[in-house]
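In: Structure, please.
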Amino acid sequence: RADRCMGPGCSKPASQCQIDHSVAWTDGGETSVTNTAPLCQGHHTVRHHGGWVITHLDDGSLEWVSPHGRRYVVAPERHLPTFYPNAA
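Out: Residues are numbered from 1 along each chain as shown. Alright, predicted model coming up:
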């Protein structure tokens, strides 16, 4: 769904990124599209060691909040698919 790093202002291709778990697997986070996002090495480092807070939003976007309280929303290029059960 994301063809690039989902860090604010980044255009690094997702194929050159690391997959980041918002809730770490060791803390019970699952490996799913609602808990993972591609981040380049720089944004991955800032996310874990720079005081930023990242939240997955319902539409598949990531909300980044800086240590100073500035808010950035990064949307993926494609929206998450919506599946509807078949009417029986």
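
In: what about the residue lying closest to Q41 once chain neighbours are set aside, how many neighbours?
Out: The shortest distance from Q41 to any non-neighbouring residue, by CB to CB, 6 or more residues apart in numbering, is to Q18 (6.8 Å). All C-beta atoms are positioned from the backbone trio N, CA, C, and that covers glycine. Neighbourhood size, Q18 [other CB atoms under 10 Å]: 14.

In: How about A24?
Out: 11.

In: List the backbone torsions phi and psi for it.
Out: phi -60, psi 140 (degrees, to the nearest 10).

In: for E63, same thing?
Out: phi -100, psi 120.

In: So the residue lying closest to it once chain neighbours are set aside, which state does it fall into?
Out: Distance criterion CB to CB, 6+ apart; nearest residue to E63, sequence neighbours excluded, is T55 at 4.5 Å. Three-state call for T55 (DSSP: H, G, I helix; E, B strand; the rest coil): strand.
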